[in-house]
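1. Need a 3D model of the following:
(2 chains)
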Number of protein chains: 2
Amino acid sequence: METLCAELIAVGTELLLGSIANTDAQFLSRELAGLGISVERHTAVGDDPQRLREAVEAARARCSILITTGGLGPTFDDLTKQVVCRVFDRPLTLRPEVEETIEGIYRDILHRPMPESDRLQALLPEGAELFPNHAGTAPGFAFCSGGVHVLMLPGPPEECRSVWEHGAREYLRRLSPGVICSRDIMSFGMGESSVEFLLHEKMCRMVNPSLATYAKPSEVCLRATARANTAQEADALLDPVEAEVRAALGDLVYGVDVSGLTELCLQRLKARGLTLACAESCTGGLIAQRITALPGASAVFRGGVVSYWSSVKAGVLGVDPALLETHGAVSAPVAEAMAKGARAITGADLAVSVTGVAGPDSDERGNPVGRVFVALADETGGVYCRHLELGRRSRELIRDEAANHALDLLRRHLDGLPMELTVPELKKG
Amino acid sequence: METLCAELIAVGTELLLGSIANTDAQFLSRELAGLGISVERHTAVGDDPQRLREAVEAARARCSILITTGGLGPTFDDLTKQVVCRVFDRPLTLRPEVEETIEGIYRDILHRPMPESDRLQALLPEGAELFPNHAGTAPGFAFCSGGVHVLMLPGPPEECRSVWEHGAREYLRRLSPGVICSRDIMSFGMGESSVEFLLHEKMCRMVNPSLATYAKPSEVCLRATARANTAQEADALLDPVEAEVRAALGDLVYGVDVSGLTELCLQRLKARGLTLACAESCTGGLIAQRITALPGASAVFRGGVVSYWSSVKAGVLGVDPALLETHGAVSAPVAEAMAKGARAITGADLAVSVTGVAGPDSDERGNPVGRVFVALADETGGVYCRHLELGRRSRELIRDEAANHALDLLRRHLDGLPMELTVPELKKG
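-> Okay, the predicted model is just below:
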């Protein structure tokens, strides 16, 4: 199987000033991997014709697919097309159908006359295949010259994606043999370094399929990737890897090819026809926000309370003021009462709650940063609480991990698993 | 003023697979701009010694500062140090103080024996200046060879930042003459393309200071940047630019050098000694989450209700069921009642509310995707509502923009400005 090799060149001074991250490179790299195309280099240069020219010439000598992003707009510093066409010695010609599309966008959507400069966007390399842009005015396009396929895509991420989906992906799919399939094995409850420690030798040894960790703030995704002639062959390579990871991590693995604990919980609740509510103190709405970010959340999520002040815990959630007085707001009894309260006032089947100290300072009772209680009130009236000591980490990490622990309680309840997190012993696997 | 010119080389196959974005490059570029150092190129290569060697050799010929990120860890594929030292012909020597630090981390923090392979991390280029890493085991370091300053930093973002702050920044500050100062002029209420249209000629004309737009999902930051010998000189260059932008955008400009509307509102509430609550339907906790993400939020934010279901709007916020019946949940009267209800049940001085259709589908009453009502209940018992038609955009963008409109109502109230958004006419400035 011959491997196609690609390089990405991003053009834009805003990248070199650090105003934006090069997320186009990440997006395209992931997509190219999925097509079985190996990416060998990312380059970013500014809106400078000489440096861009050097970068394009060097890449042309190394790769069979060159993809540029950015610099296709109508302004004086958008010069990618001119420079690339000079390197590949290909004239630019006016494409009337592109001109018409851009005029239409100004007339029908932007409701103002098309600036003369926008006509530049209708100049395309002779014979180029056109990829429409449904998110902006500059289309993408591709041509082949001297054995190198050159694809030019706009820089703004949503435009880059639109052009990718409306032609660029298909152009490359026609070139590439075989498939690369990935499987994301999702786990919660163990840090990336511990997961790596546990699976280290396995991860080093394997080439096809390969196994790599990919950490989100408090979850670890293990991505197994296989290259094969067909998807079926790739699956046959991936099945034993998934089985080995599951054997090593036990019920810390919560799903495969799901985006996170939030999505998993939503799927499970829908399947079971159960509704959810939440009561959040230190996470401040993070759990509710994550759930409602997913389309279809309204089928199962009734609502929640952000009880940041104790008066709101008592007044809105109905937490007994005596409990708050005796144990303090950061305590297991209060976490349990919050979850029960959220369930009671919303009528939901299940409710999760979080109370704790996200920092940067310890609370007035001396609870240290990172002390958090998460609880689940279930449909039988029962309640379960988990006590966490997350340590002196950033506010953001503590909130993120606390939210995930609450969702972990929920998925364990829904899947009928033990509520305790059982972390495998750290001996090399 | 001589300009120092830097290139960044990131090393790691995970970048080329798209598993992570090259956020180190963004972070470092921004920091380097602040030191008056011009970044001319970003490159990312995989864990491949031959390609890394080519990239380092090419960069050495072009720049006076070369910064690498990644590939400093203890595993077999971490080879940046070996390759770079071969190119610059500098031997690696064992640094006992580094070895001791790494052993200490394993002993005192990770509670397991140091793997033999970790000793590799104590090998440093002869004569290198050491930058401690408070977030991991691999330190950063720098040396100068043939007029090129080479800095090598670890790849994980928090480690890269730690090493930057504990020595790398200071190393470069000693080299660089003059300063680059930036001012972020923040605006809300007009899209990036309209802002650019309005300020287009100004933005093209200017070199020092320069002016560039930098869009977040629904806010636009105008970054003015000046290069000068001193901060005072830079300020004198920036003042008239800020004045011109304010003249063009009017009260859409809400602040300077503040991270967003959320931070601005928090500052204003603290200064005025007022407390806040919120009631969210389609934003689902996004406003509460954003506010509580900021340290010190508890001084002003009492709490909120995520009233996703109508039964929660009625039962928890006390919205009159007749209003819900007559006008539907997505309506001005319900938005106003939600804000009043949040204020009443939490005892806060002010409350904001949001109700609308985030999509992907219109609601059961036929309200289209993007129809949103945001309201503010103020300390006098008054209430103000803004009706939005945000159009068929992604769920994420609609939620983000709706949250910002609610915060815009709040800041207009706190700053004593007209509550209406007045968008400047689109003629070129």
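2. all strands for the stretch 51-200 of chain A, in order.
-> In the stretch 51-200 of chain A, the segments counted as strands under DSSP state E, counting those that start in this stretch are A:65-69, A:92-94, A:123-125, A:129-131, A:140-145, A:148-153, A:179-188.
3. can you list the residues of the stretch 1-150 of chain A near chain B?
-> Within the stretch 1-150 of chain A, the positions lying close to chain B (C-beta under 8 Å from any C-beta of the partner chain) are A:10, A:13-23, A:25-33, A:38-46, A:48, A:51, A:55, A:58, A:75-76, A:110, A:112. Every residue, glycine included, has its C-beta placed from N, CA and C.
4. Grab the nearest non-local neighbour of A:Arg51.
-> In space, and not counting its chain neighbours, A:Arg51 is closest to A:Val45: 4.7 Å by C-beta to C-beta, 6 or more residues apart in numbering or on different chains.
5. ok, the one you found - contacts?
-> By C-beta atoms under 8 Å, 6 or more residues apart in numbering or on different chains, A:Val45 lies in contact with A:Ile9, A:Ala10, A:Val11, A:Leu16, A:Arg51, A:Leu52, A:Ala55, B:Glu40, B:Arg41.
6. and these, which of them are in helices?
-> When DSSP state H defines the helices, the subset of the contacts of A:Val45 inside them is A:Leu16, A:Arg51, A:Leu52, A:Ala55.
7. So which residue is smack in the middle of chain A?
-> Compute the mean C-alpha point of chain A, and by C-alpha atoms, centre = their mean the closest residue is A:Ser259, 7.6 Å away.
8. rewinding a little: would you list the buried entries among the residues of the stretch 1-150 of chain A next to chain B?
-> Listed as buried from those are A:10, A:13-23, A:25-29, A:31-33, A:38-46, A:48, A:51, A:55, A:58, A:75; burial here means 16 or more other C-beta atoms under 10 Å in any protein chain shown.
9. Not counting its own residues, what contacts stretch A:118-134?
-> A:72-74, A:78, A:81, A:84-85, A:88, A:90-99, A:101-102, A:106, A:137-143, A:150, A:153-154, A:159, A:162-164, A:166-168, A:171.
10. same question for it, mean pLDDT?
-> Per-region confidence: stretch A:118-134 scores 91 on mean pLDDT.
11. Using CSV, write out every CA atom in it.
-> Output of stretch A:118-134 as CSV, limited to C-alpha atoms (Å, rounded to 0.1, in the frame of the first residue of the first chain):
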residue,chain,number,x,y,z
ASP,A,118,-13.7,41.0,-4.0
ARG,A,119,-13.5,40.3,-7.7
LEU,A,120,-9.9,39.0,-7.0
GLN,A,121,-11.5,36.0,-5.3
ALA,A,122,-12.9,34.9,-8.6
LEU,A,123,-9.4,34.5,-10.1
LEU,A,124,-8.5,30.8,-10.0
PRO,A,125,-5.6,28.7,-11.3
GLU,A,126,-6.3,27.6,-14.8
GLY,A,127,-8.1,24.2,-14.8
ALA,A,128,-8.6,24.1,-11.0
GLU,A,129,-11.4,22.0,-9.5
LEU,A,130,-13.6,24.3,-7.4
PHE,A,131,-14.8,23.6,-3.8
PRO,A,132,-17.7,25.8,-2.8
ASN,A,133,-17.5,27.8,0.5
HIS,A,134,-20.9,27.9,2.3
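12. Now do the buried residues in it.
-> Buried, per 16+ other C-beta under 10 Å, within stretch A:118-134: A:118, A:120-125, A:128-133.
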